[in-house]
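A.B. asks: The following comprises the amino acid sequence and a computationally predicted model.
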Amino acid sequence: MLSLPVITRRLWRPVLSRERLMSQLSKVRQSRTQWKHKATQRANQHRYQRKQLARVTHERDRTATALKEAQARLRRLESQRQELVTRPKVDVVLLALQLFFVARIGFRAVSRVLSLLAWALGIKKAPCPQTIINWVMRLSIVRIESARTLQGLPLSQAPFTNGLIWMLDISIGLGTGKMLAVLACDAQHHQLAPGALALEHVHCMGVGVADSWTGETIAELLKRLIAQMGRPATYLKDGGSELQKAVDLLAEQGLSSPCLDDIAHAVAGMLKRIYQDHPSFETFLSACGRISGTLKHTILACLAPPKVRTKARFMHVHRLFTWADRVLKLSPPGGAKSGSTLAKLRGCLEQLPACKALIQRFRADALGLLECQKILKSKGLSHDTRAQCDPLIDTMPSSALRQEFRAYLDFELETATTLGLDHIGVPISSDAIESLFGVAKRHGVGETPDANRMALRLPALCGVPTREEAEQVLDVSVVRQREVTGQVISLTQQRREVLGHPERLESLSLDHATPHVELIPRPKNRSNYQEIINISNGYEECYGPPLQSPGGRHFPDNAGPPGIKETALTS
């Protein structure tokens with residue numbers, strides 16, 4: 001029989017096993033809970049890492065694709081840039097010339113503009129200002145050399161002319177020299193192009209600089225130009241006596257051509273003859289001068305009179321009379337309150353109200369003349385435009401001025417009739433050559449408007465540069481450019497040398513002995529004989545009018561009837 005302790009141990013053992021079992025189960029459950037928590041944390045972390053890895057992978061792929069596209073685009077741009085760089089240099093030359101002559105910006109400004117646009121234009125290196133100056137000089141050489149073949153439309157009533165109108169004028173710059181320029185335009189300009197004759201419609205035939213120009217020296221230069229290009233249909237000039245004397249000397253030598261007087265200079269001469277001796281004219285000018293000095297530094301400065309130069313005063317004096325008439329209208333009859341603006345204005349008018357009759361009469365005459373000039377400059381002088389001017393002339397109060405202006409128009413119309421241009425309209429305005437000198441003195445000369453340097457650029461300022469001319473500019477050699485510009489003495493260079501080396505002051509007299517600039521077409525395949533052969537009027541009767549090219553613009557060199565080898569010889 002078992003004892004009590006043994007029985008007790010046997011009964012207690014399962015209980016302990018169950019408790020132990022429950023403890024282990026609790027541990028398992030707790031461990032499982034911790035494992036689930038850790039697994040969840042790891043799963044969340046792994047899920048986040050997978051998302052980040054996918055995002056990074058997507059970003060990497062997108063970046064790689066963008067890089068490839070950018071590299072491809074860069075290669076295309078590089079190839080395009082290479083294509084632009086390999087483009088002919090003539091494009092850069094043409095653009096630089098157009099910026100200088102059309103946009104009217106200086107040499108340094110042209111270089112800066114091309115530097116800014118170099119990447120967009122495909123220019124590897126923008127030209128420097130000196131390079132642009134050389135291109136301008138070479139353009140002058142190109143245009144002078146091409147002037148020899150320039151011809152106008154043929155004129156049936158002037159078959160032995162080149163169909164061109166030559167404009168002559170003289171201007172001065174700094175230095176001892178005076179510039180003489182000869183420009184050419186088609187005699188039938190008003191049939192070929194609408195509007196007034198402008199600078200882009202003319203071509204420079206020749207330019208020269210001398211200490212003084214007389215009728216003989218001008219005639220000699222024109223004679224040499226005629227030997228190269230034939231007689232012009234007519235000359236167009238201002239009222240200078242030297243130019244008229246030169247035309248008369250050529251007529252004595254059998255090289256005559258009709259002569260037209262510029263309408264602006266002719267009108268200025270008429271006004272001068274009528275009003276210069278008027279008793280109130282000097283009083284009016286003196287009053288305007290004093291009024292200008294009084295108003296300039298006051299609140300009435302906006303009413304100051306325009307500036308009119310002393311030389312060729314009657315070319316622009318109508319502006320002064322127009323100003324005076326408008327200012328007098330600001331002061332109506334009646335009293336003015338003391339201290340008011342009207343009272344201050346009246347205190348500055350000096351003797352201007354006493355000249356009111358002169359002002360109204362001159363302005364009425366000038367208004368009719370200006371309206372006539374506007375018609376004749378834009379359409380030329382013809383029977384139609386002459387008839388359009390008659391009502392305007394009738395409104396002019398001065399009978400002597402009306403008579404003289406009508407006589408001028410009738411005389412010039414007779415010249416147009418002899419040329420067969422009385423129905424088309426002949427140009428009678430030389431504003432183009434005046435504009436040429438004005439542009440030359442303001443554009444591209446800096447602070448020193450040297451006459452010789454300006455003369456070298458005059459041919460380049462006529463017309464608009466073309467691509468063909470840009471190609472010819474690149475063909476001009478350095479040697480050819482030095483032949484033209486090498487002997488020119490620059491005033492800037494002289495100043496630099498003399499101020500830096502005072503002992504060289506006497507060298508200025510030696511430099512003065514250097515000949516001035518002369519830029520005229522060179523003879524080509526012609527004899528060097530000095531004289532010109534005068535062809536008699538019987539030439540037309542024997543052989544008829546000269547042959548014309550199909551285009552009607554250019555004539556073959558040395559063309560003539562059988563047995564005639566040369567029609568003109570030059571030096």
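C.D. replies: Everything's here; your move.
A.B. asks: what about Pro465, which SS state?
C.D. replies: coil (DSSP: H, G, I helix; E, B strand; the rest coil).
A.B. asks: check which helix or strand covers the closest residue to it other than its chain neighbours.
C.D. replies: In space, and not counting its chain neighbours, Pro465 is closest to Leu97: 4.0 Å by Cβ to Cβ, 6 or more residues apart in numbering. Backbone N, C-alpha and C define where each C-beta goes, glycine included. Using DSSP states H and E, Leu97 sits in helix 90-101.
A.B. asks: from the middle of its chain, how far away would that helix be?
C.D. replies: How far helix 90-101 lies from its chain's middle: 12 Å, per Cα atoms, centre = their mean, to the nearest Å.
A.B. asks: now swap in stretch 472-491 and tell me
C.D. replies: 22 Å.
A.B. asks: before we move on, what about stretch 419-438?
C.D. replies: 19 Å.
A.B. asks: Now the helix or strand in which Leu367 is found: buried residues?
C.D. replies: In the assignment (DSSP H and E), Leu367 maps to helix 356-379. Going by neighbour count (16 or more other Cβ atoms under 10 Å), the buried part of helix 356-379 is 358-359, 361-369, 371-373, 375-377, 379.
A.B. asks: In the stretch 401-550 of the chain, what residue spans correspond to strands?
C.D. replies: Applying DSSP state E, counting those that start in this stretch to the stretch 401-550 of the chain gives strands spanning 518-519.
A.B. asks: so where is it shaky, pLDDT-wise?
C.D. replies: 446-447, 487, 490-492, 501, 503-504, 506-515, 524-550 (pLDDT under 70).
A.B. asks: can you do 90?
C.D. replies: 422, 437-457, 463, 478-550 (pLDDT under 90).
A.B. asks: Correct me if wrong: Ser212 contacts Gly177.
C.D. replies: No: using Cβ atoms under 8 Å, Ser212 is not in contact with Gly177, being 9.2 Å away.
A.B. asks: neighbour-wise, which of those two wins?
C.D. replies: Higher neighbour count among Ser212 and Gly177: Gly177, with 22 against 10, using other Cβ atoms under 10 Å.
A.B. asks: List phi and psi for that one.
C.D. replies: With angles defined as degrees, to the nearest 10, Gly177 sits at phi -90, psi 150.
A.B. asks: Quick check: which element contains Lys38?
C.D. replies: Going by DSSP H and E, Lys38 is part of helix 4-85.
A.B. asks: hmm, back to that, report all helices and strands that the helix holding Leu97 contacts.
C.D. replies: helix 107-116, helix 129-146, helix 467-475 (3 or more Cβ pairs under 8 Å, 6 or more residues apart in numbering; DSSP states H and E).
A.B. asks: can I get the CA coordinates of that helix in CSV?
C.D. replies: This file holds the C-alpha atoms of helix 90-101, laid out as CSV (Å, rounded to 0.1, in the frame of the first residue of the first chain):
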residue,chain,number,x,y,z
VAL,A,90,30.1,87.5,-97.0
ASP,A,91,27.1,87.2,-94.7
VAL,A,92,29.0,88.9,-91.8
VAL,A,93,30.3,91.6,-94.2
LEU,A,94,26.9,92.3,-95.5
LEU,A,95,25.3,92.5,-92.0
ALA,A,96,28.1,94.8,-90.8
LEU,A,97,27.7,97.1,-93.7
GLN,A,98,23.9,97.3,-93.4
LEU,A,99,24.2,98.1,-89.7
PHE,A,100,26.6,100.9,-90.5
PHE,A,101,24.9,102.4,-93.5
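A.B. asks: So for it, mean pLDDT?
C.D. replies: Averaged across helix 90-101, pLDDT comes to 92.
A.B. asks: Now do the closest residue to Thr322 other than its chain neighbours against Phe321, distance only.
C.D. replies: In space, Thr322 comes closest to Arg363 once its chain neighbours are excluded; the distance is 6.2 Å by Cβ to Cβ, 6+ apart. Distance, Arg363 to Phe321, by Cβ to Cβ, to the nearest Å: 5 Å.
A.B. asks: Then Thr385?
C.D. replies: Noted for Thr385: a distance of 26 Å to Phe321, by Cβ to Cβ.
A.B. asks: give me the element Gly206 is part of.
C.D. replies: Using DSSP H and E, Gly206 falls in strand 203-210.
A.B. asks: From the chain's centroid, how far away is that strand?
C.D. replies: Distance, centroid of strand 203-210 to centroid of chain: 19 Å (Cα atoms, centre = their mean).
A.B. asks: Same question for stretch 343-353.
C.D. replies: 42 Å.
A.B. asks: which residues sit against it?
C.D. replies: Stretch 343-353 has contacts (Cβ atoms under 8 Å, 6 or more residues apart in numbering) with 283-284, 286-288, 290-291, 294-295, 298-300, 303, 324, 327-328, 330-331, 336-337.
A.B. asks: Going through the residues you listed, which ones are buried?
C.D. replies: Buried among the contacts of stretch 343-353 (16+ other Cβ under 10 Å): Thr283, Phe284, Ala287, Cys288, Ile291, Thr294, Leu295, Leu300, Leu303, Ala324, Val327, Leu328.
A.B. asks: between those residues, which is closest to Asp450?
C.D. replies: Nearest to Asp450 among those: Cys288, at 34.0 Å, using Cβ to Cβ.
A.B. asks: and the closest one, what does it touch?
C.D. replies: Pro305, Leu320, Ala324, Leu352.
A.B. asks: Ok, Arg386 next?
C.D. replies: Residues in contact with Arg386 (Cβ under 8 Å, 6+ apart) are Leu409, Asp410, Leu413.
A.B. asks: For those residues, pick the one with the most neighbours.
C.D. replies: Of the contacts of Arg386, with other Cβ under 10 Å as the count, Leu409 tops at 21 neighbours.
A.B. asks: which one is it nearest to, not counting chain neighbours?
C.D. replies: Using Cβ to Cβ, 6+ apart, the closest residue to Leu409 is Arg386 (5.7 Å).
A.B. asks: relative to helix 356-379, how tilted is the helix or strand hosting that neighbour?
C.D. replies: Applying DSSP H and E as the criterion places Arg386 in helix 383-394. Here helix 383-394 runs at an angle of 170 degrees relative to helix 356-379 (axes from the mean of the first three to the mean of the last three Cα atoms, to 10 degrees).
A.B. asks: Now helix 383-394: average pLDDT?
C.D. replies: Helix 383-394 shows a mean pLDDT of 94.
A.B. asks: Would you mark the buried spots in that helix?
C.D. replies: Thr385, Arg386, Cys389, Leu392, Ile393.
A.B. asks: what's the answer for stretch 144-157, then?
C.D. replies: For stretch 144-157, by 16+ other Cβ under 10 Å, it's Ile144, Glu145, Ala147, Arg148, Leu150, Gln151, Gly152, Leu153, Pro154, Leu155.
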